[in-house]
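S.K.: Got a predicted model here, sequence first, then my questions.
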Amino acid sequence: MASVGPWRSRATHPTPLEAHALDNLRFIRETMERATAFTAISGWGLLAVGLTALGAAALAFRARPERWLPIWLAEAVVSFAIASLATLRKAHTARMPLVSMPARRFVLSFSPPMAVGALLTLALYRAGQFQAIPGMWLLLYGTAIVTGGAFSIRVVPVMGLCFMLLGGVTLFLPSAWAGLTLAGGFGGLHIVFGFLIVRRYGG
């Protein structure tokens, strides 16, 4: 009976070698998690977002700023809901954790440019500078995609660069072109890259 105590002590408290091995395993697991790309971006979701954006563009075509701005803001809410649900579905189907390090980094990198875009939209609206809003939207949305896409599949930051290029051009185009560039960006680019993701990355 006297030998039970020491045996329990050795079983309960790992040796320094065991503790070192556990630390190494934890480090390897965290390193692999950081190296894994956030692959839950849904191509089907982007296709749906692109189609709804084309619908918004049709509704807002040749409308005054007081009318097209609420239409596109409503489209932004709808698009966010579609993209979120599609991402959740793809992650669930592929059994991907949405609280992984790549997912958190994607969200943290994607969010600041979007928050800046919301604040600038309010500031430009109050100043009556409606003509600057479409280019700013495309530029900052593209920035968000590029920064967030650094932790995702390769095609995502490429899409963001296309949005940034289109947004930069839109800033210097006549205001009459805004509806077409918004349709080409939020509609056309989403559809093109959504199709690529469906074909190459399993939906």
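M.R.: Looks like it arrived, so ask away.

S.K.: Only C-alpha atoms from now on, for both contacts and neighbour counts.
M.R.: Noted.

S.K.: Count the neighbours of the closest residue to residue 170 other than its chain neighbours for me.
M.R.: Leaving aside its sequence neighbours, residue 170 sits nearest to residue 135 (CA to CA, 6 or more residues apart in numbering; 4.8 Å). Other residues near residue 135 come to 25 when the count uses other CA atoms under 10 Å.

S.K.: what about residue 135, which helix or strand?
M.R.: helix 133-149 (DSSP states H and E).

S.K.: now residue 104
M.R.: In the assignment (DSSP H and E), residue 104 maps to helix 101-127.

S.K.: How about residues contacting the next helix-or-strand element following the helix holding residue 135?
M.R.: Using DSSP H and E, the helix or strand that follows helix 133-149 in sequence is helix 155-170. Here helix 155-170 makes contact (CA atoms under 8 Å, 6 or more residues apart in numbering) with 134-150, 177-178, 181, 185, 189, 193, 197.

S.K.: Below-threshold pLDDT in this protein: ranges please.
M.R.: The chain contains residues with pLDDT under 70 at 1-40, 94, 96-100, 102.

S.K.: in the helix of greatest length in the chain, what counts as buried?
M.R.: Assignment by DSSP state H gives helix 65-94 as the longest helix of the chain. Buried residues in helix 65-94, counted by 16 or more other CA atoms under 10 Å: 68-69, 71-72, 75-76, 79, 82-83, 86-91.
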